[in-house]
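*Asks:* can't give you the sequence, but here's the structure:
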């Protein structure tokens, strides 16, 4: 068994990192990918307080984010803000009300498809 020349190993590693290697040895571009790097967590808060939900994803750009409350798109208002960046989206709810209690879902989408995370926000009255 002979050892592989270091240059050949370097070239093979470079091809692996740059693109997928086909059976004939040619390479093709990377497939699009998408993955959430954080998951939403269930939260309990008192009414009148604020809450921030954060959704982070990595993948092939561009990545878009969508927030839903009980399966309907979240509507922005003075109390409800959405901040989207390249790989992150934040939903900020201010002055919480009992009616803000719901299932909240963040969906990240790109050319690879969609991934999502869901959490329950439970808002109670201050005792």
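*Replies:* Here it is on my side, so go on. Worth saying up front: this structure is predicted, and the values here are computed from it rather than measured. Numbers count the residues shown, from 1 in each chain.
*Asks:* Can you give me the neighbour number for the closest residue to residue 120 other than its chain neighbours?
*Replies:* Leaving aside its sequence neighbours, residue 120 sits nearest to residue 42 (C-beta to C-beta, 6 or more residues apart in numbering; 4.6 Å). Where you see a C-beta, it was placed from the backbone N, CA and C, and this is true even at glycine. By the measure other C-beta atoms under 10 Å, the count of residues near residue 42 is 11.
*Asks:* Could you find the residue nearest the spatial middle of this structure?
*Replies:* residue 57 (3.1 Å; C-alpha atoms, centre = their mean).
*Asks:* In contact with that one, which residues?
*Replies:* 34, 35, 36, 37, 63, 65, 87, 88, 108, 115 (C-beta atoms under 8 Å, 6 or more residues apart in numbering).
*Asks:* can you confirm it is in a strand?
*Replies:* Yes. The assignment for residue 57 is a strand, going by DSSP: H, G, I helix; E, B strand; the rest coil.
*Asks:* As a check, name the ranges of all helices in the protein.
*Replies:* Secondary structure of the chain (DSSP state H): helices at 6-18.
*Asks:* biggest strand in it, by residue count?
*Replies:* The longest strand of the chain (DSSP state E) is strand 113-124.
*Asks:* What are the buried residues along that strand?
*Replies:* 115, 116, 117, 119, 121, 123 (16 or more other C-beta atoms under 10 Å).
*Asks:* so what's the third one bridging to?
*Replies:* The bridge-partner assignment for residue 117, based on DSSP bridges, gives residue 106.
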